[in-house]
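J.: coords below, sequence missing:
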Ligand SMILES: CC(C)(COP(=O)(O)OP(=O)(O)OC[C@H]1O[C@@H](n2cnc3c(N)ncnc32)[C@H](O)[C@@H]1OP(=O)(O)O)[C@@H](O)C(=O)NCCC(=O)NCCS
């Protein structure tokens with residue numbers, strides 16, 4: 001298994017978009033599959049923030065995580081660097097892949113000069129806390145309570 005930039009395997013952008021859209025569309029007003037594809041095709045053009053890392057077993061896509069400037073407009077004032085869209089395919093879960101993707105993203109953010117990295121999660125606060133993220137309160141996104149968390153990457 002290798003963690004690379006989506007830019008190293010840009011042909012996976014649309015597949016990833018389908019997974020992300022199915023997983024999180026309920027949290028974002030008017031977020032279409034085509035917008036998701038466009039965002040990930042854009043991430044596939046660069047290896048600097050905002051961008052996406054992918055986990056690959058050979059050619060096979062196993063998961064992803066993104067570093068973005070904004071993950072939800074409602075939370076724009078909270079922070080300017082966000083871990084977003086952590087996703088592992090169901091058949092590869094429970095083997096530490098999610099943890100490796102989070103660590104790779106935090107290391108990448110440190111290299112990008114990010115002093116404070118944020119995320120929000122409806123139901124994985126305990127998961128991220130085990131990886132060193134600190135609880136920073138709660139917010140509401142389209143009626144869903146989400147936990148805000150941060151980490152200092154450097
Ligand atoms: C969350 C996700 C990325 C984890 O991926 P993974 O590769 O299975 O993660 P890891 O192997 O690093 O960690 C698995 C561990 O986390 C635990 N875990 C999974 N979901 C959890 C949750 N909601 N809360 C607390 N712990 C959780 C598992 O029980 C497992 O524990 P163990 O190590 O004691 O067996 C994956 O389940 C996923 O893609 N889910 C759908 C998308 C999603 O919810 N992403 C997070 C959005 S905020």
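T.: Ah, there it is. Bear in mind that the values here come from a model prediction, so they are computed numbers and not experimental data.
J.: Close to the ligand: what parts of this protein are there?
T.: 23, 86-88, 93-99, 121, 123-124, 126-127 (CB under 6 Å from any ligand atom). C-betas here are computed from N, CA, C, even on glycine.
J.: Any of the residues you listed buried? List them.
T.: 86-88, 97-98, 121, 124 (16 or more other CB atoms under 10 Å).
J.: In strands only, show me the residues you listed.
T.: 86-88, 121 (DSSP state E).
J.: got the residues you listed as CSV, with pLDDT columns?
T.: Below are these laid out as CSV (pLDDT from 0 to 100):
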residue, pLDDT
86, 98
87, 98
88, 98
121, 97
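J.: Can you mark which positions in the longest helix along the chain are buried?
T.: In the chain, taking DSSP state H as the definition, the longest helix is helix 97-111. By neighbour count on 16+ other CB under 10 Å, the buried set for helix 97-111 is 97-98, 100-102, 105-106, 108-109.
J.: Now the closest residue to the ligand within the chain. Nearest residue, chain neighbours left out?
T.: Nearest residue of the chain to the ligand: residue 98, at 2.7 Å (CB to the nearest ligand atom). Once flanking residues are discounted, residue 98 sits nearest to residue 88: 5.0 Å by CB to CB, 6 or more residues apart in numbering.
J.: list the contacts for that neighbour?
T.: 55, 62-63, 97-98, 101 (CB atoms under 8 Å, 6 or more residues apart in numbering).
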